[in-house]
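# Fold the following.
(one chain, ligands or ions: 1)
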Amino acid sequence: MATEQPLEALAIEIAREAGALAQQRRTEGVAIAATKSSIADIVTEADREVERLIRARLADERPGDGFLGEESGAERGTTDITWVVDPIDGTVNYAYGIPAYAVSIAAVRGEPNPDAWEALAGAVFSPSTGEQFHASRGGGAWLDGHRLSVNEEPSTAGALLATGFGYDPATHASDLARVGRVMPMARDLRRIGAASLDLAFVAAGRFDGYFERGLQPWDHAAGALLVEEAGGRFAKIQLDDIPGRPLFVASGPGVFDRLLAAAVGP
Ligand code: LIP
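Numbers count the residues shown, from 1 in each chain. Below is the predicted model of the structure:
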């Protein structure tokens, strides 16, 4: 069995357990625990509890591995594997009771730096729909046992695209200008509010493409592998206007260059 498959199976198992906890806490009522980068960037008690569950299960199963989580930070391991975790991606949706959030777990090899690591396995679990997206490097991308493939080309009506906006209002004007540049190639635009689901939907052919600035490593670690294993392309582009807020683009091969050019702009 390839190295990646046990990692994929573990990511699937723990993502499902974590998703069940998140869903249970949602039904019990959600408490905002704190804000982070801005007043809009919230963390709930459930985010923290779900990440504690994931971290404990991984420590039991793979004690030497490293960890990089949205809520509890980073810990280097003694193996070459690091787990990159967003316990509840789509936190604002979760807090408002919007059924569009996911548990995202990825296993990467190498430095725990998204510019240097190689993603080996990932799982994105959507508790609201029960959909389990998963992938391993070289093993393809899957949804509940069905192999996934990106859309090679959008329909003649135009590309169905998705995007998102960061928590910092100062960046919204440039994000909206980007939407204006991209719309001529689109049939329509979706804004789900969970990057891991946006990327999973590109992998599944539900979106022709996705673009967003300022994603964190845990937002995209699993979803980017889904896209690549489904035959798509994923890129991170540093832009000059706002340092430290790179642009991420993901799509099928037929629309990638056009989407990238429009999203980056002149
Ligand atoms: C969210 C992303 C979403 C983005 C939000 C936020 P979180 O992650 O999944 O795509 O638009 O600004 O970054 O904070 O819910 O884990």
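
# Identify the residues contacting Lys236.
Shown here is Lys236, whose contacts under the criterion Cβ atoms under 8 Å, 6 or more residues apart in numbering are 114-115, 246-248. Using the backbone N, CA and C atoms, a C-beta is placed for each residue, glycine as well.

# how about 7 Å then?
Lys236 is in contact with 246, 248, counting by Cβ atoms under 7 Å, 6 or more residues apart in numbering.

# again, but for Val202
150, 209-210, 227, 232, 250-251.

# Just the ones of those in helices?
Among the contacts of Val202, the members falling in helices (DSSP state H) are Val227.

# which pair in the contacts of Val202 spans the largest distance?
Val150 and Tyr210 (10.8 Å; Cβ to Cβ).

# Narrow the contacts of Val202 to those in strands?
If you go by DSSP state E, these have 209-210, 250-251 in strands.

# hang on, Ser103 in a strand?
Ser isn't right for residue 103; it's Val. Yes. When DSSP: H, G, I helix; E, B strand; the rest coil is applied, Val103 is found to be in a strand.

# so where's the stretch 1-150 of the chain shaky on pLDDT?
Applying pLDDT under 70 to the stretch 1-150 of the chain picks out residues 1-4.

# ok so, going back, cross-check the ones in strands among the contacts of Val202 against the ligand and keep the overlap.
Applying Cβ under 6 Å from any ligand atom, the subset of the ones in strands among the contacts of Val202 adjacent to the ligand is empty.

# Is it possible to get TSV of those that adds pLDDT and neighbour count?
Shown next, in TSV, are the ones in strands among the contacts of Val202 (pLDDT from 0 to 100; neighbours: other Cβ atoms under 10 Å):
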residue	pLDDT	neighbour count
Gly209	98	32
Tyr210	98	29
Ala250	98	30
Ser251	98	27
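
# I'd like the residues you listed as TSV, with distance to Leu197 appended.
Shown next, in TSV, are these (distance: Cβ to Cβ, whole Å):
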residue	distance to Leu197
Gly209	14
Tyr210	10
Ala250	12
Ser251	16
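
# Closest to Ala119 out of the residues you listed?
Of the ones in strands among the contacts of Val202, the one sitting nearest to Ala119 (Cβ to Cβ) turns out to be Ala250, at 13.2 Å.

# got a list of what that closest one touches?
199, 202, 209-210, 224, 227, 232-234.

# can you check Ala230 too?
Contacts of Ala230 (Cβ under 7 Å, 6+ apart): 141, 148-150, 203.

# who in this protein is up against the ligand?
Residues of the chain found near the ligand (Cβ under 6 Å from any ligand atom) are 70, 86, 89-91, 164-167, 193-195, 212, 219.

# hmm, try it at 8 Å
With Cβ under 8 Å from any ligand atom as the criterion, the chain meets the ligand at residues 41, 47, 70, 86, 88-94, 101, 164-167, 191-198, 212, 214-216, 218-219.
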